[in-house]
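1. this is a predicted model, with the sequence first.
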Amino acid sequence: MHLLLADSGGLAIFVQQLLNGLTTGTLFALIAIGYTMVYGIIELINFAHGDLFMLGAFLALTLMVSMGLAGPVVIAIPLSVAIFASAPMFVAAYGVGGRRLQRVVPGPSWVAGLAPAIAAAAVAFVAVKFIGPTVQLFTGSARAVIGAVAIIGIVGVFCAALNLTVDKIVYKPLRGAPKLTPLVSAIGVSFVFMGVGQLWKGVADINFPDLVPSENLFAKPGLGTELKGVTVEQEAKGFKRGDTITKVNDAPVTEASIAGIVAAQRVNADVAVVVDRGGTPETLKLTIADAAPIRFTWKDLLVLLLTLPIMAGLTLFVKYTKLGKAMRATAQNPTAARLMGIDVDRVIGATFLIGGSLAGAASVIYGLSINTVSFQMGYQNGLYAFTAAVLGGIGNLPGAMLGGILIGLIRSLGSQYVGEKWTSALVFAILIVILVFRPSGLLGARTREKV
Amino acid sequence: MKNWRKLPWIWIALGAFALWPLVPGDPNQLGGKLRDILIFAILAQGLNVVVGYSGLLQLGIAAFFGIGAYITGILTVSQFPFQVGVWPAIVMAMIGAGIAGVVLAAPTLRLRGDYLAIVTLGFGEVVKFGIKNLENITNGSRALNPLPSPWIPQFLQPVFQWLFWTKPDRAMTPDRPWDENYRPYYYVALIALALVVLLLKNLENSRLGRAWMAIREDELAATCMGTNATGVKLSAFAMGAALAGLAGALYAVSLDQTGGPDSYTFNRSITILVFLIIGGMGNIEGALLGTFVLMGYDNIATGHLDEWMQNPLSRGRVVSFLPYLIVTAGAAIATWKFWLRRELEQRYVKGAPVLAALFAAAAVLALALSWLLPIGVLGRKLEAFRFTDVKLIIFGLALILMMRFRPEGILPSKRVAMELHEERGTFRRP
């Protein structure tokens, strides 16, 4: 029997929803950053970003199975997956390293591009092939932690390389074309990604391995108001009013010791309570429930512990490093940036790399905390993340973070106070209202249309 | 033959659609699919007014489609007291959707391009969830049904029956005469589409149509010339929404029910946009061609291709597949000869076409081999291959390639093509 007894008052519920909103919101923010950075620099709504996130989650799932993190190892990584995973790196390396090598290597350009590409493919293959067995040398939570870190790393690199590859192949030839052209290409890339995801894992929802425990960090074991005293005052859960409790877990009790015995138990453990109803004493088996007013699990902690430093680091990166400065300059005015000697193409490439790696990291964190993935998750979460980016002012980094957290809060508070089924409509309705009054988003600069 | 381009192709095509049901021995299923294509062609025309003519990126056309369907449903089903009959309901659906378009557009038109796009997208989602959750009005995911059959005057009934039921394979039931086969709604959709095309053909060169295009090309210049930009944009939104409402009404009527909320998702909006872009934006013929080709592939061809893949060697299959093969091969050869080859050679090195041909040949060979031998691709047997499953990938690749090599679409409007190739200064003939 499960006794839920936390007397969740209005404030506790509110704080709980704030926490929930914050954790989902930071995830949205992490994806939204990818949208907003790309938009800031080349004014492209990268519709494929959400689906990149989905592919990252699928790769993570495959890696987990091969590392033995999702139960027993069913298959070693098939060669096809390794090739598939390394293909984008292949192309990315071709694009990045090939140009430099072309100056020294004679012959047609693809010969020069091939060397770094083969190197990248080899690295990818080794990583995919040998990290799994390495992880299996460990046991218990060490394996989980090392595995999760390795997966975040691999998936981050994969998504970054894939994003860069798409930029080099699809968007780069369209620079300078009317805005609708790359936008439609992005929709096309999104379709391709979604189709690949559908072929890869099918259309059904898939369970993501439950690596992180969902235990409440603030867990407070308790049995309920009816066990406050030796004499039961409330009729509930097998107890009758006037029952006298004589023993808990074979220990004779007084009013004071019940709380102590219960508190010493773990949440979800069982206790045997003996009650005296005048006749023969009767034993009730009860499960200790969580009496804490607020649930904050390891999963929530994981999300915050990973996303907040990433966002802080990114902000510092953009603010203080040379590349970050170049990014801001390019976002302000690409032509002027080029005149100042900034390699705009390199900056754009770096933007796609960073955005992609964030999407990859977000996908693993999402999988670990939500535990369900499907080929449509990219579309759904991408829509929210994109809305977040627009809400904060697209092209604005703090705006994306603020927007993401706001959307998370709107969703969680909305599901509590308006109704679960209306949350999505609420998000978009609020978006429309905000855009009507602040057409450039919350933090976006009010720009004049250039003539 | 020199002026074959100038023939009224659009009317020839619609004429062919009008004659097609007269061919005896038709499969009813195919007729229903063609009817859907006609209805979605109207929707594409509606979107074309907003995106193609006026250059306003509208990502929520499915919302107006759904509003049209549900207004028709609410005004006709027995569950509600209105029951005005189908014809007035269709007109009301157009008006209602048009008003909804104005209501959405009026406060949001001052937004810049991408923000307008996300607002229309958000509106689409709000409408979808509204349809899903306002269960007292919309029945939620059970949809409103059944819709009644439309009224026709008494003296037309024999004509009607003679037109549609003379074939022996169809029984007559007097109470729901419209549902016995696909033909009545097929012709309603066809006539509606013809009227819409006629309307837009005339609007194109009218004062309003020219104002729409002027706004698309250069809003500032158009405003300086005295065009009322807000009014023009509002009228484009209203017109697009009204046409979408008409399509929605016809869709609901032809299905006898309004379809659940899942018929009016973002996916639908994007699909229609894809039809438009592949076909050729800002051009009536282009929008029609895009819808016919892509929806034809999606709804009709994939099914046949899949059947054929399952059992390639039976003679019936080969015969049924031959027309597709001939059409596809013809289209491929024509594309190659007239366009792709020159493109590739102009843009890339001399050997590029050969390389592309080699890749294509290798792909075909691999496909054929893995199909003949029991080997798999990515761990899957090719027998399990379905064209339906790779639909998204094919559509996506088509979009990417189109944007790369011919951003104006298959049949572009001359003006759009000129805008897209501004940097070259000259216009290439399509």
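-> Arrived safely.
2. switch to C-alpha atoms for all contacts and neighbour counts from now on
-> OK.
3. is it true that residue B:54 touches residue B:212?
-> Yes - between residue B:54 and residue B:212 there is a contact under Cα atoms under 8 Å: 4.7 Å.
4. shared neighbours of the two, anything?
-> Overlap of the contact sets of residue B:54 and residue B:212 (by Cα atoms under 8 Å, 6 or more residues apart in numbering or on different chains) consists of B:233, B:236.
5. who has more neighbours, the two?
-> Remark: of residue B:54 and residue B:212, residue B:212 carries more neighbours, 28 against 25, as counted by other Cα atoms under 10 Å in any protein chain shown.
6. so that one sits right up against residue B:51, yeah?
-> No - taking contacts as Cα under 8 Å, residue B:212 lies outside contact range of residue B:51: 10.1 Å.
7. just the strands in chain A please.
-> A:206-207, A:221-222, A:244-248, A:251-252, A:270-276, A:282-287, A:289-290, A:372-373 (DSSP state E).
8. how about those in JSON lines, adding mean neighbour count and mean pLDDT?
-> Shown next, in JSON lines, are those (neighbours: other Cα atoms under 10 Å in any protein chain shown; pLDDT from 0 to 100):
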{"stretch": "strand A:206-207", "mean neighbour count": "14", "mean pLDDT": "90"}
{"stretch": "strand A:221-222", "mean neighbour count": "26", "mean pLDDT": "74"}
{"stretch": "strand A:244-248", "mean neighbour count": "21", "mean pLDDT": "80"}
{"stretch": "strand A:251-252", "mean neighbour count": "13", "mean pLDDT": "80"}
{"stretch": "strand A:270-276", "mean neighbour count": "19", "mean pLDDT": "80"}
{"stretch": "strand A:282-287", "mean neighbour count": "17", "mean pLDDT": "79"}
{"stretch": "strand A:289-290", "mean neighbour count": "25", "mean pLDDT": "75"}
{"stretch": "strand A:372-373", "mean neighbour count": "19", "mean pLDDT": "92"}
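9. would you reformat those strands as JSON lines and include distance to chain B?
-> Output for the strands of chain A, formatted as JSON lines (distance: least, Cα to the nearest Cα, whole Å):
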{"stretch": "strand A:206-207", "distance to chain B": "18"}
{"stretch": "strand A:221-222", "distance to chain B": "39"}
{"stretch": "strand A:244-248", "distance to chain B": "49"}
{"stretch": "strand A:251-252", "distance to chain B": "54"}
{"stretch": "strand A:270-276", "distance to chain B": "42"}
{"stretch": "strand A:282-287", "distance to chain B": "38"}
{"stretch": "strand A:289-290", "distance to chain B": "34"}
{"stretch": "strand A:372-373", "distance to chain B": "19"}
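10. where does the stretch 151-300 of chain A have low pLDDT?
-> The model of the stretch 151-300 of chain A has pLDDT under 70 over residues A:223-229, A:233-237.
11. report the closest residue of it relative to chain B.
-> residue A:188 (3.8 Å; Cα to the nearest Cα).
12. grab the nearest non-local neighbour of that residue.
-> Of all residues not flanking residue A:188 in the chain, residue B:396 sits nearest, at 3.8 Å (Cα to Cα, 6 or more residues apart in numbering or on different chains).
13. checking the one you found next. Helix, strand or coil?
-> Secondary structure assignment for residue B:396 (DSSP: H, G, I helix; E, B strand; the rest coil): helix.
14. pLDDT score for the closest residue to chain A within the stretch 251-400 of chain B?
-> The stretch 251-400 of chain B approaches chain A most closely through residue B:396 (3.8 Å), counting by Cα to the nearest Cα. Confidence at residue B:396, expressed as pLDDT, is 90.
15. re the thing from before, number of nearby residues for the residue nearest to residue A:188?
-> Residues near residue B:396, counting by other Cα under 10 Å: 25.
16. circling back: shouldn't the residue of the stretch 251-400 of chain B closest to chain A be in contact with residue A:189?
-> Yes - between residue B:396 and residue A:189 there is a contact under Cα under 8 Å: 5.8 Å.
17. report the distance from the strand or helix carrying residue B:121 to the chain centre.
-> Using DSSP states H and E, residue B:121 sits in helix B:113-133. For helix B:113-133, the distance from its own C-alpha centre to the chain's C-alpha centre is 20 Å (Cα atoms, centre = their mean, to the nearest Å).
18. pull out the buried positions in it.
-> B:114-133 (16 or more other Cα atoms under 10 Å in any protein chain shown).
19. ok, back up a step: so how far is residue A:180 from the residue of the stretch 151-300 of chain A closest to chain B?
-> 12 Å (Cα to Cα, to the nearest Å).
20. the two: who's more crowded?
-> The neighbour count for residue A:188 versus residue A:180, taken as other Cα under 10 Å, is higher for residue A:188 (28 against 19).
21. sorry, back to before: so what touches the helix holding residue B:121?
-> A:45, A:387, A:390, A:421-422, A:424-426, A:428-429, A:431-432, A:435, A:439-440, B:56-63, B:66-67, B:104, B:108-109, B:138-141, B:260-262, B:264-266.
22. wait, isn't residue B:47 in contact with residue B:238?
-> No - Residue B:47 lies out of contact with residue B:238 (Cα under 8 Å); the separation is 10.8 Å.
23. look at those two and report which has more neighbours.
-> In this view residue B:47 and residue B:238 are compared by other Cα under 10 Å, and residue B:47 has more residues nearby, 33 against 27.
24. tell me the contacts of the closest residue to residue A:377 other than its chain neighbours?
-> Using Cα to Cα, 6+ apart and skipping the chain neighbours, the partner closest in space to residue A:377 is residue A:54 (6.1 Å). The contact partners of residue A:54, by Cα under 8 Å, 6+ apart, come to A:197, A:363, A:373-378.
25. how many neighbours does the closest residue to residue A:34 other than its chain neighbours have?
-> Of all residues not flanking residue A:34 in the chain, residue A:355 sits nearest, at 4.0 Å (Cα to Cα, 6+ apart). If you count neighbours by other Cα under 10 Å, residue A:355 ends up with 26.
26. and for residue A:266?
-> Residues near residue A:266, counting by other Cα under 10 Å, number 16.
27. and it, backbone torsions?
-> The phi/psi pair for residue A:266 (degrees, to the nearest 10) reads phi -90, psi 150.
28. for it, give its distance to residue A:215.
-> 11 Å.
29. likewise residue A:384?
-> 28 Å.
30. these two: which is more packed in?
-> A count of neighbours by other Cα under 10 Å puts residue A:384 above the other of residue A:384 and residue A:215, at 25 against 14.
31. find the nearest non-adjacent residue to the more buried one, please.
-> Leaving aside its sequence neighbours, residue A:384 sits nearest to residue A:28 (Cα to Cα, 6+ apart; 6.9 Å).
32. check contacts around the one you found.
-> Neighbouring residues of residue A:28 by Cα under 8 Å, 6+ apart: A:381, A:384-385, A:388, A:404-405, A:407-408.
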